[in-house]
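# kindly return the folded structure for what I paste below:
(2 chains)
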Amino acid sequence: MNILRNMIYMARRFKTATVLNLVGLTVAFATFYLLMTQVVYNHSYNKGVKDYERVYRVEFRDIMEEGRWIAQSSRLIAEELATLPQVEGMALLQCWLGNERFSSNGTDIYFPTCGVSNDAISLLATRLIDGRLNWTEGDTKGLVIPASIAMNYFGSTQVAGRCMRGVNDSIPVIGVFTDMPANCSMRNCIYKNFGDENKDNLNNWNYTCYLKLRENVDADEFGENLGKTITLKIYEKLRSLGKRDWEDAEKKGEELPVRLTPITETWFSGLDSNLDKGNRNVDWILQLACLLVIIIATINFLNFTLAESPMRIKSVNTRMVLGCSTSALRMGFVGEAVVTSISAFVLAVAAVYLLSQSPLVHGLLSGDISLGGNLLLLLALATVSVIVGIVAGMYPAYYVTSFQPALVLKGSFGLTPKGRKLRTALLCLQFIITSIMMVYVGILQQQVHYIFHSDYGYSKDEVLQAFVWEMTDKRDAMRSELMQLTGVEEVSFSQFKIGTNDSYMGWGRGDSDHHINFTCIPVDWHYLRTMGIEVIEGRDFNEHDEGVLIINEAARKQWDWVEMDKPLLKDFLPVIGVCKNVRYKSTRADNNNAPMAFFITGDKDKDFYGLGTLNVRVAAGIDKIEMRQKIRNVLVGLGAQSGIEVKFLDQELENTYQGEFRFTMQVLVFSVICMIITLIGVFCMTMFETEYRRKEIGIRKVMGSSTAEILTMLCRRYLWPLSVSFVIAAPLAWYIGHEWLQSFAERTPIHWWLFPMTLLVVAAVTLTTVVLQSWHVADENPVNSIKNE
Amino acid sequence: MIKLENIQKVFRTEEVETVALNNISLEVNDGEFVAIMGPSGCGKSTLLNILGLLDNPTDGIYRLDGKEVGKLKESQRTKVRKGQIGFIFQSFNLIDELNVEENVELPLTYLGIPKQERRQRVEEVLRRMSISHRAHHFPQQLSGGQQQRVAIARAVVMNPKLILADEPTGNLDSKNGLEVMQLLTELNQEGTTIVMVTHSERDASHAQRIIKLFDGQVVPDVLL
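Numbers count the residues shown, from 1 in each chain, chains lettered A, B, ... in the order given. All right, here's what the predicted structure looks like:
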């Protein structure tokens, strides 16, 4: 009861400071919880996979580029891996998802689809709901679907044996599994068996291979010898197939570099841009952010209790004189702080509940932020809140009770050099953290600006794109009608939307003289003109071309034997031109050094390579929104679904860099929160300081000081710690920012002006807070403050 | 130097209206030493605050050196006050965080006097107040008498025309009190006008004239 009575008394006396302190703690706890859900998401990745401790992704080196690891596998190699005695099962999944049309009661529904090996789903999915999840050697028909799709299409999950109506035929569902969590490599799409596709093909690396090792197999030991073992098996297999693909390598005794990555760690590997969206630096920073936000709030709270304590020294000492034990008084102090902290925890939980209803917050975080789904995290936060309370209450409790009871302090601890030094040091720590975060967010924003505004090597602002996979048979009609629209300058089709992905079709080819790996992007002959890609040697494609390549500068540099209009390798496609390096992958990849070729298939192979991406170049300066609608109307008129999306490349980039943008947003929000909490601290400190210094301010005014001079004096009190803190923070922020930028092969320089600008912003906001808070005391009639003494 | 005409000061709260000064008219000439006496609550300190431009009267005219100053804003009052009026308080009102030298230097800083000159003037005044050996001590390290001497030093360092003293010996023993009064008398003899609020008849005896207040009104002048 005493604790509550004391708390209520102090809260009444310092209403604003108490409320702000509580708000600061609440915001910090809520932020901690929300950021931790993202950390939990990162660290529970793929833990929804059955027996995930024994499941590994197979990764290879030197396939596409010397020294680069890839997450893609060749089916031939995967099949050989499955035969090893240590392997309990192998799951092979196509790297890319398709998008297929199904009809239900006359309505078209599009679902993502993925081709897989016989046992892939039964190996990875946690729970079977109905039917079976695997195919047999002789029977590869049928679909395996997640419960969500079953509910969407059939309205039930017990649908094994029922058919889904596709474009050409009805396909039976053979099994239904419980949806996998969002943080999982296995998507909740329709799975089809890919039959014998690429079964004996060593050169097609378009699959992801997962191995489940038998229990008691030492993965490290197995992984160490895997390269040698599998290389021998591949040589043997190739010989048995009569293929001579790796004959030279076998002669030289070369070994295929291969490794196993635990499926729970693939998130951070960054090898597969579609799946491995985690980033260790980002994860580390998020964890650090969780810690920092608690530190900042604890400092505020500690400063608050420290500032309050001088006002309580008299009453505490009086109690001691009257016989109250020191330990009881100390417990009381700590108890008050803990109750405050727990109150903030309760408020934070309420705030999180409200925030979890907001789509904005869901967009900011990948993980499950619901309270019910994070009970352990809530428990951890409750513990943190108790610890924060103890830390904030302990020092003032010991300080206030450390005097001889007979001596009631004459001065004020709030202004003693010791008290001021301690609070200034704590304030500096807050400023350091805030400044680091503000500079860091500036660096992130610079990279985002770089992503959108640097040179792509093609006219990304003038090209609209759409996926038209379901109507590739109407390419000529689309082109013809679109070209008639005023403002449309060129129309072309390609297999992919360049610049939006890090994984494209990889080709490995070789002859007796050379072995090359490169990214191949099938296009039609209008493509380079549509995209505005400059040809710097040889010529552009023309309508008569069939089976020819235009390579990029990087390839030209690496393949010094290339001659125009001559085959790249023996019995391989000719190169007709060299184009400038373009950013065909994201900025995460080094687009200037990776060999790439645009491949024109000619009419006969157009359908094989599925040129399902429409690219429309529009004239600069036209109303793009209107043009987008016109293009959509043409496509719908030709049979596209009404919801077909026609996008500018900028919009696609938002998807490509979703992880980075989300992280930038998280850091931005976090930095603002840090700033707000720090400002709350500054506000409270100024309030206490001006309260303590009221008499001094009054005397100074009597002696002739103006209000402005008083404000300057109070501001100077914060300006020095802020400047010193910034000097400490700047190199740290540079380092963290520099580390983050390393995840981009193409990145912005860290501009020098970011540092003074950030200092200016932080200083301006801080000093404004100080001025606003201390104005009424600085401007007060000095008679009042002197009279109060 | 000072001319008050029908000065009124009313303090209003939500519930109570208190008339602290009721139609006070008085004059203080250049070089005079005037004591203001009266029982507690009669308005002595309020009058002193108005004289020192720390507060404005509710009504009436206050002329300082012939200029109407009773209706000035705080910033304007500060300008007039600076360098012209020195204050001495019963509770000394020294700033705990500044040492003796810095406390005395304070009004010179606000006058914008260069550092070197400031130091020189502070040294002189501290010597004069016989406190220069304590220049680097903090107020808490001084006795009451020493603190009040510092306060007087601070009040006179800028050579003000007028010194307002609010019970300057109230917190001092008789020996220290006497020393302070001797210092004030000396200053007056050198030409500084002094207006002092006091309860002490003995202190008032140092003044040339006593103004007695009762219930916010002036009781006719008493000439010594």
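
# smallest gap between the stretch 101-250 of chain A and chain B, at which residue?
residue A:183 (56.4 Å; CB to the nearest CB). Where C-beta positions appear, they are placed from N, C-alpha and C, glycine not excepted.

# so that residue touches residue A:45, yeah?
Yes. Counting by CB atoms under 8 Å, residue A:183 touches residue A:45, with 4.7 Å between them.

# between those two, which one's more packed in?
Ranked by neighbour count (other CB atoms under 10 Å in any protein chain shown), residue A:183 and residue A:45 place residue A:45 first, with 26 against 20.

# excluding chain neighbours, give the residue nearest to that one in space.
Closest residue in space to residue A:45, ignoring its immediate chain neighbours: residue A:267 at 3.8 Å, by CB to CB, 6 or more residues apart in numbering or on different chains.

# what's that neighbour in contact with, if anything?
Contact analysis of residue A:267 by CB atoms under 8 Å, 6 or more residues apart in numbering or on different chains lists A:42, A:45-46, A:183, A:275-278.

# change it to 10 Å
A:41-46, A:183-185, A:275-280, A:283 (CB atoms under 10 Å, 6 or more residues apart in numbering or on different chains).

# returning to what we had before: ok, the residue of the stretch 101-250 of chain A closest to chain B - contacts?
A:40-48, A:267, A:277-278, A:366-368.

# does the residue nearest to residue A:45 count as helix, strand or coil?
helix (DSSP: H, G, I helix; E, B strand; the rest coil).

# next: the one 4 residues further on.
Residue A:271 falls in the coil class when you classify it by three-state DSSP.

# repeat for the one 4 residues further on
At residue A:275 the chain is in coil, as set by three-state DSSP.

# also residue B:3?
Residue B:3 - assigned by three-state DSSP - is strand.

# which residue ranges form the strands in chain B?
Secondary structure of chain B (DSSP state E): strands located at B:2-12, B:17-28, B:33-37, B:59-64, B:67-68, B:85-88, B:162-166, B:193-197, B:209-214, B:217-223.

# ok, back up a step: which of the contacts of residue A:183 count as buried?
The neighbour-count criterion (16 or more other CB atoms under 10 Å in any protein chain shown) marks A:40-46, A:48, A:267, A:277-278, A:366-368 among the contacts of residue A:183 as buried.

# neighbours around residue A:339, how many?
By other CB under 10 Å, the burial measure for residue A:339, its neighbour count, is 15.

# and what of residue A:623?
By other CB under 10 Å, neighbour count at residue A:623 equals 11.

# what sits against it?
Contacts of residue A:623 (CB under 10 Å, 6+ apart): A:487, A:629-630.

# any idea how far apart the tips of stretch A:35-50 sit?
27 Å (CA to CA, to the nearest Å).

# whoops, stretch A:699-717 was the one
18 Å.

# buried sites along it?
So stretch A:699-717, judged by 16+ other CB under 10 Å, has buried residues A:699-707, A:709-715, A:717.

# the residues you listed: which ones sit near chain B?
Among these, the ones lying near chain B by CB under 10 Å from any CB of the partner chain are A:699-707, A:709.

# just to revisit the earlier point, reformat the buried ones among the contacts of residue A:183 as JSON lines; add secondary structure and pLDDT.
Shown next, in JSON lines, are the buried ones among the contacts of residue A:183 (DSSP: H, G, I helix; E, B strand; the rest coil; pLDDT from 0 to 100):
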{"residue": "A:40", "secondary structure": "helix", "pLDDT": "90"}
{"residue": "A:41", "secondary structure": "helix", "pLDDT": "89"}
{"residue": "A:42", "secondary structure": "helix", "pLDDT": "87"}
{"residue": "A:43", "secondary structure": "helix", "pLDDT": "89"}
{"residue": "A:44", "secondary structure": "coil", "pLDDT": "89"}
{"residue": "A:45", "secondary structure": "coil", "pLDDT": "91"}
{"residue": "A:46", "secondary structure": "coil", "pLDDT": "91"}
{"residue": "A:48", "secondary structure": "coil", "pLDDT": "88"}
{"residue": "A:267", "secondary structure": "helix", "pLDDT": "86"}
{"residue": "A:277", "secondary structure": "coil", "pLDDT": "76"}
{"residue": "A:278", "secondary structure": "coil", "pLDDT": "78"}
{"residue": "A:366", "secondary structure": "coil", "pLDDT": "78"}
{"residue": "A:367", "secondary structure": "coil", "pLDDT": "79"}
{"residue": "A:368", "secondary structure": "coil", "pLDDT": "84"}
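
# cheers, nothing more for now.
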